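>>> dropping the sequence and predicted coords here.
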Amino acid sequence: MTSVALTVNGSRCEADVEPRQLLVYFLRDRLGLKGTNVGCDTTSCGACTVLVDDESVKSCTVFAVQADGSEVTTVEGLARGDALHPVQQAFHEQHALQCGYCTPGFVLATVSLLKENPNPSETEIREGLEGNLCRCTGYHNIVKAVQAAARAGA
Amino acid sequence: MIPAVFEYERAGFVDEAVELLGRDEEAKLLAGGHSLIPAMRLRFSRPSLLVDIGRLDDLRYVREHGDRIAIGALTRHADLVGDAMLREHCALIGEAAALIGDPQVRHRGTIGGSVAHGDPASDLGTILLTLDAEFVARGPGGERAIGAGAFFTGPFETALEHQEVLTEIRVPKTAGTYLKHVRRAHDWATVGAAAARVDGRVHVGLTSMGPTSLRARTVEDALADGATPADAAAHVAEDAMPPTDASASSEYRLHLAQVLVRRALERM
């Protein structure tokens, strides 16, 4: 076992983990943060996207030990009380989800994208979210939501 | 899919990583982990010890080194994409890095990890071979430089010794281009083709066209003798051993390679 100490959604967390424990399972099974979904399990679909030190990563392809000392943000950490994060609000208003399974990953990938590029073009949005797959193929409204979030200054 | 059990150590500096590798013949280095972790999850790779060098931020840089550009081995793909010095002096590296995987992958994957993995489908491997890059490795006996022509020795094999850590990659200041054909966004290259001017000659490299990244030397010789891009590109078959796999047949790869090499040469 290896000791890790990290900050998850603003709360400090210390734990002993098996080195082979992947960050996504640490978040879901140890911390009970089940908003982060496991989709393809092969670094393709982006359902497990979280932020590590403000950058989007696929948490199925990061060991929890690699996040030692980092700040991790999951979808549970975005809202402030009852106020949704602007990206969540935009996904809600633009109906940028159908079944919703990919949504937490898309929201966090969008937060990271807008941090790097606050005013992306439609092409930049589509390319910036190429690491996230929506099996319902609801991309049209997702792009509209990202544009709305950008206008809202997310 | 969960990787097999392994021991984990985090190295605080390069020499510590070298020493840790010496403890276990089945040890492997972990940088960004975006080639190794998927391989471990599929249990294609079962290291008994992982030596994590992902925090060695002093190996994360792009800077001038004499008349060349030196890139720290832990420089991430996303760093390469945005780097102003590369954009000015060796733009094809950043342009190609932008084609690797997706943003999440580029946030974690490193140039050193990508080439040390030795994947014949590595875009950066092909580009560095085409540029005649120099690979700097540190081991128990000190530091040595390995020429690109000697670095890629086989599929998922490189000239790096077990206890050697790739620390830096040096490339010439030059112009070039890289074209990549993928079936879907964020896929590996079905075929990639690089062209760059190095020491007064045009070098041509190929991705996914053989057991390693390859130089298309017959194509290069034809160019040096004055052939047009189309005529030179027709020689690709003499330089490549394209595999047949789930994404393409050998014949289709050869066709793609001829088209991409011609287009790359036309842009030079």
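Everything's here; your move.

>>> the chain: strands as residue ranges?
As the question left the chain open, I've gone with chain A. Using DSSP state E, the strands of chain A run over A:2-8, A:11-17, A:49-52, A:55-58, A:71-73.

>>> that answer is for a different chain, and I need it for chain B
Using DSSP E, strands in chain B cover B:7-10, B:27-30, B:49-52, B:62-65, B:68-72, B:134-139, B:142-147, B:152-154, B:157-158, B:165-172, B:176-181, B:191-198, B:201-207, B:214-215.

>>> so what's residue 46 up against?
Just going to use chain A. A:Gly39, A:Lys58, A:Cys102, A:Gly105, A:Phe106, A:Ala109, A:Leu129, A:Gly131, A:Asn132, A:Leu133, B:Asp102, B:Gln104 (CB atoms under 8 Å, 6 or more residues apart in numbering or on different chains). No exception for glycine: its C-beta is placed from N, CA and C like everyone else's.

>>> please refer instead to chain B.
B:Arg46 makes contact with B:Pro3, B:Ala4, B:Phe6, B:Glu26, B:Met40, according to CB under 8 Å, 6+ apart.

>>> report the two of the residues you listed separated the most.
Greatest spacing in the contacts of B:Arg46, by CB to CB: B:Pro3 and B:Glu26 (13.3 Å).

>>> which of these two has more neighbours?
Legend: neighbour count by other CB atoms under 10 Å in any protein chain shown for B:Pro3 and B:Glu26, higher for B:Pro3 (23 against 12).

>>> neighbours of the closest residue to that one other than its chain neighbours, how many?
With sequence-adjacent residues excluded and distances taken as CB to CB, 6 or more residues apart in numbering or on different chains, B:Pro3 is closest to B:Met40, at 3.9 Å. If you count neighbours by other CB under 10 Å, B:Met40 ends up with 23.

>>> low-scoring pLDDT stretches of chain B, where are they?
Scanning chain B for pLDDT under 70 picks out no residues.

>>> and the chain, what are its domains?
Picking chain A for this. According to automatic domain parsing, chain A comprises the domains A:2-76, A:86-151.

>>> if you could check chain B rather than the one you did, that'd help
Domains of chain B are assigned by automatic domain parsing as B:7-52, B:57-172, B:176-266.

>>> could you say which one of the strands of chain A comes nearest to B:Thr153?
strand A:55-58 (30.3 Å).

>>> and residue 81, what is it in contact with?
All of this refers to chain A. A:Gly81 touches nothing, counting by CB under 8 Å, 6+ apart.

>>> if you could check chain B rather than the one you did, that'd help
Taking CB under 8 Å, 6+ apart as the test, what B:Val81 contacts is B:Gly94, B:Ala97, B:Ala98, B:Arg106.

>>> ok, and the most crowded of these?
Going by other CB under 10 Å, B:Ala97 tops these with 27 neighbours.

>>> how close does it sit to chain A?
According to CB to the nearest CB, to the nearest Å, B:Ala97 and chain A sit 14 Å apart.

>>> touching, that residue and B:Leu124? I think so.
Yes - assessed by CB atoms under 8 Å, B:Ala97 is found in contact with B:Leu124 at 6.9 Å.

>>> what touches both of the two?
With CB under 8 Å, 6+ apart as the test, B:Ala97 and B:Leu124 both reach B:Ile111.

>>> what's the nearest residue to A:Lys34 if we skip its chain neighbours?
The nearest residue in space to A:Lys34 (CB to CB, 6+ apart) is A:Arg28, at 5.3 Å.

>>> my guess is that neighbour contacts A:Thr36. True?
Yes - counting by CB under 8 Å, A:Arg28 does reach A:Thr36; the two are 6.2 Å apart.

>>> looking at the two, which one has more neighbours?
The neighbour comparison of A:Arg28 against A:Thr36 (other CB under 10 Å) goes to A:Thr36, with 25 against 19.

>>> distance check, the more buried one against chain B.
For A:Thr36, the distance to chain B - CB to the nearest CB - is 13 Å.

>>> with A:Lys115 instead?
Distance, A:Lys115 to chain B, using CB to the nearest CB: 11 Å.

>>> please report how far the closest residue to B:Ala11 other than its chain neighbours lies from A:Val143.
Nearest non-adjacent residue to B:Ala11, counting by CB to CB, 6+ apart: B:Ala17, 3.7 Å away. Distance of B:Ala17 to A:Val143, computed by CB to CB, to the nearest Å: 43 Å.

>>> quick one, which of these two is more surrounded?
Ranked by neighbour count (other CB under 10 Å), B:Ala17 and A:Val143 place B:Ala17 first, with 25 against 18.

>>> quick check: the more buried one touching B:Val165?
Yes - using CB under 8 Å, B:Ala17 makes contact with B:Val165 at a distance of 5.2 Å.

>>> now list whatever residues contact both of these two.
Residues touching both B:Ala17 and B:Val165 by CB under 8 Å, 6+ apart: B:Leu29, B:Ile53.

>>> what's the closest residue in space to B:Arg41 that isn't next to it in sequence in contact with, if anything?
Take B:Arg41 and drop its neighbours on the chain: the residue closest to it by CB to CB, 6+ apart is B:Met1, 4.4 Å away. By CB under 8 Å, 6+ apart, the contact list for B:Met1 reads A:Asp41, B:Arg41, B:Leu42, B:Arg43.

>>> how about the residues of chain A near chain B?
Taking CB under 8 Å from any CB of the partner chain as the measure of proximity, chain A contacts chain B at A:2, A:18-20, A:22, A:41-44, A:46, A:49, A:55-58, A:61-63, A:65-66, A:68, A:109, A:112-113, A:127-128, A:130-132.

>>> looking at those, which are in helices?
The members of the residues of chain A next to chain B that map onto helices under DSSP state H are A:Ala109, A:Ser112, A:Leu113, A:Glu127, A:Gly128.

>>> pLDDT weak spots in chain A?
Looking at chain A by pLDDT under 70, you get an empty list.

>>> run the last query once more with 80
Where chain A drops to pLDDT under 80, the residues are A:154.
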